[in-house]
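>>> quick one, what's the 3D model for this:
(4 chains)
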Number of protein chains: 2
Amino acid sequence: MATGRTHRPATRSRGIPEATVARLPLYLRALTALSERSVPTVSSEELATAAGVNSAKLRKDFSYLGSYGTRGVGYDVEYLVYQISRELGLTQDWPVVIVGIGNLGAALANYGGFASRGFRVAALIDADPAMAGKPVAGLPVRHTDELEAIISDNGVSIGVIATPAGAAQQVCDRLVAAGVTSILNFAPTVLSVPEGVDVRKVDLSIELQILAFHEQRKAGEDSASAAATASAARSGAGGVRSSASRKGPDGDVPAVMPA
Amino acid sequence: MATGRTHRPATRSRGIPEATVARLPLYLRALTALSERSVPTVSSEELATAAGVNSAKLRKDFSYLGSYGTRGVGYDVEYLVYQISRELGLTQDWPVVIVGIGNLGAALANYGGFASRGFRVAALIDADPAMAGKPVAGLPVRHTDELEAIISDNGVSIGVIATPAGAAQQVCDRLVAAGVTSILNFAPTVLSVPEGVDVRKVDLSIELQILAFHEQRKAGEDSASAAATASAARSGAGGVRSSASRKGPDGDVPAVMPA
DNA sequence: GGATGTGAATCGCTTCACAGCC
DNA sequence: GGCTGTGAAGCGATTCACATCC
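I've put the predicted structure just below:
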């Protein structure tokens, strides 16, 4: 999960569950591919496979949007592309700014997936004066001083933060003050924002850590020694928990602190 | 959510809920920051705030790991850092390969967040012969031909795919055949993998699309015209179906939705 | 007194299974 | 006959609220 709803008591945004909203882009991508191959209709089964979900979930998801299918037949690809696009708000143009033009910011600026949906990179912003004016992905990098002007001149409501962690909150505050109400945060830090501002976060290392967790489990299933280690860890963790005593039952000493 | 568990019947990985696992890296990050500031203990309340979750959830999460706190006092920062690191498998070294050294791949290679946890970039791999040998983030780019050798020589079990969508499945297949069992996929495509291989995906444009959805809703609350558009869209969508509308059992919002 | 640890209640998502319609 | 649309059941995660312990 790479999400970060900020406050808000679970706003089931008018009937469409959050989990469904998160999958709509997936369906849209699969449908767009079908559309390009001029496939006229799909069954929930086929589309679900293409999107990597199961068909019951897909049908349920679509049922929140309306009755767009035809029983015994399936869904009209073009029509569904349109409906989902509209539901997601992609039939309109969304100017976005990217703040922090390091490696990641540059990668984002060049990322085709933004432009191909309704997103338009209105400006690239960086705090380094040496970067100012340099073209990245065909756009000149602007200095942070211009941030407020850029936001209001372009009517930007979505900002992408790709700065180092230390600068993120400050950038966030300025974006919000300038009128941005949705933020996609790539900096590894928790942003605090006022009510009404949405933040989603993508943390690259978190995803890897989750994989490492499962990977470790797999290793434990195979080799005996690894399994022993793992299960010792386990019983220390979830186990009996006799009275008190932190520290796992056996040799489980900290001593060497990891990274 | 940017996840992608592949098959597997919900493997509540031996007692620790998936949702909890996904938050452990968050806690770890907050704890590491406290550790660097030499803070000896934290309460669930403080730590929860720092990690961006609520304290009840945090305590519940920690309860799956064991009783590592002290009632009336809080949690020992260093000790908790160690326990979570170990639980996540970060006390060991994880060699990873990054395949596809375009803008994004290069950004990932340079990303400090990998190295700082237990991850070590063992190799950068790209299909472009012109890239071969060129240094990126201090490592020479290797050609795809060497993929299998690199995986087995380094005992790599985690692979990162940052190729264009068209190449991703093929790269994935080769990684898996060579022994990789966890994949972090940045390509905007659904990967199919055999049982036992974990895939997590990060799709940059999906996150933006989710923000756009909520942004659109906000706009509908403000201006009358926008609201009209939105609700027209809505009724066109959910409309017909005379029989009882899904939607909350009772007073679910009509027309103009509340904040 | 103060904060953890955790059953119990609640909520929301997923899955099932079948009625409804083409 | 085939596939959608959806109540209802199932299940996991979140939240509550308080017993427990330092």
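>>> can you confirm whether stretch A:212-222 lies near DNA strand D?
No: against DNA strand D, stretch A:212-222 shows no contacts by C-beta under 7 Å from any atom of the strand, the least distance being 13.1 Å. For glycine as for every other residue, the C-beta is placed from the backbone atoms N, C-alpha and C.
>>> ok now that stretch, how far from the chain's centre?
26 Å (C-alpha atoms, centre = their mean, to the nearest Å).
>>> just the CA atoms of that stretch, as PDB, please.
Output of stretch A:212-222 as PDB, limited to C-alpha atoms (Å, rounded to 0.1, in the frame of the first residue of the first chain):
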ATOM      1  CA  ALA A 212      12.200  -8.600   2.100                       C
ATOM      2  CA  PHE A 213       9.800  -9.600   4.900                       C
ATOM      3  CA  HIS A 214       8.200 -12.200   2.700                       C
ATOM      4  CA  GLU A 215      11.500 -13.300   1.200                       C
ATOM      5  CA  GLN A 216      12.800 -14.000   4.600                       C
ATOM      6  CA  ARG A 217       9.800 -16.100   5.400                       C
ATOM      7  CA  LYS A 218      10.300 -18.200   2.200                       C
ATOM      8  CA  ALA A 219      13.900 -18.800   3.200                       C
ATOM      9  CA  GLY A 220      12.700 -20.000   6.600                       C
ATOM     10  CA  GLU A 221      10.600 -22.600   4.900                       C
ATOM     11  CA  ASP A 222      13.500 -24.100   3.100                       C
END
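>>> quick check: domain ranges of chain A?
Taking automatic domain parsing as the domain assignment, the ranges for chain A are A:13-88, A:94-205.
>>> chain center to the longest one: distance?
Domain A:94-205 has its average C-alpha position 15 Å from the chain's average C-alpha position, going by C-alpha atoms, centre = their mean.
>>> check whether it comes near chain B.
Yes: counting by C-beta under 8 Å from any C-beta of the partner chain, chain B has neighbours in domain A:94-205: A:94, A:96, A:102-104, A:106-108, A:110-111, A:113-114, A:116-119, A:157-158, A:160, A:181-184, A:188, A:190, A:195-196, A:198, A:200, A:202-205.
>>> from these, list just the buried residues.
A:94, A:96, A:102-104, A:106-108, A:110-111, A:113-114, A:117-119, A:157-158, A:160, A:181-184, A:188, A:190, A:198, A:200, A:202-205 (16 or more other C-beta atoms under 10 Å in any protein chain shown).
>>> mind listing the helices for the stretch 51-200 of chain A?
A:55-65, A:77-88, A:103-110, A:112-116, A:147-154, A:165-178 (DSSP state H, counting those that start in this stretch).
>>> tell me which of the ones you listed sits most buried.
Looking across the helices of the stretch 51-200 of chain A with neighbours counted as mean count of other C-beta atoms under 10 Å in any protein chain shown, the highest average goes to helix A:103-110: a mean of 23.
>>> show me what the top strand by length along chain A pairs with in its sheet, parallel or antiparallel.
Using DSSP state E to define each element, chain A has its longest strand at strand A:119-126. Sheet pairing of strand A:119-126 (DSSP bridges) gives strand A:94-99 (parallel), strand A:139-143 (parallel).
>>> on that earlier part again, let me have the helices of the stretch 51-200 of chain A in TSV, extended by mean pLDDT.
Formatted as TSV, those follow (pLDDT from 0 to 100):
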stretch	mean pLDDT
helix A:55-65	98
helix A:77-88	98
helix A:103-110	95
helix A:112-116	85
helix A:147-154	98
helix A:165-178	98
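>>> of all those, which one is nearest DNA strand C?
Nearest of the helices of the stretch 51-200 of chain A to DNA strand C, taken as C-beta to the nearest atom of the strand: helix A:55-65 at 4.1 Å.
>>> need the per-residue pLDDT for residue A:220.
Listed pLDDT for residue A:220 reads 72.
>>> can you tell me the element it falls in?
Take DSSP states H and E as the rule and residue A:220 turns out to sit in helix A:204-222.
>>> and residue B:173, which of the domains of chain A is closest to it?
Distance to residue B:173, taken as C-beta to C-beta, is lowest for domain A:13-88 among the domains of chain A, at 16.1 Å.
>>> and that closest one, anywhere near chain B?
Yes: interface with chain B: domain A:13-88 contributes A:13-15, A:19, A:21-22, A:24-26, A:28-30, A:50-52, A:63-67, A:83, A:86-88 (C-beta under 8 Å from any C-beta).
>>> show me the shaky parts of chain A.
A:1-14, A:221-259 (pLDDT under 70).
>>> what does it have sitting close to DNA strand D?
A:10, A:42-45, A:55-56, A:59-60, A:62-63, A:67-75, A:243-244.
>>> and for residue A:72, the neighbour number?
6 (other C-beta atoms under 10 Å in any protein chain shown).
>>> next up, the contacts around it.
Applying C-beta atoms under 8 Å, 6 or more residues apart in numbering or on different chains to residue A:72 gives no contacts.
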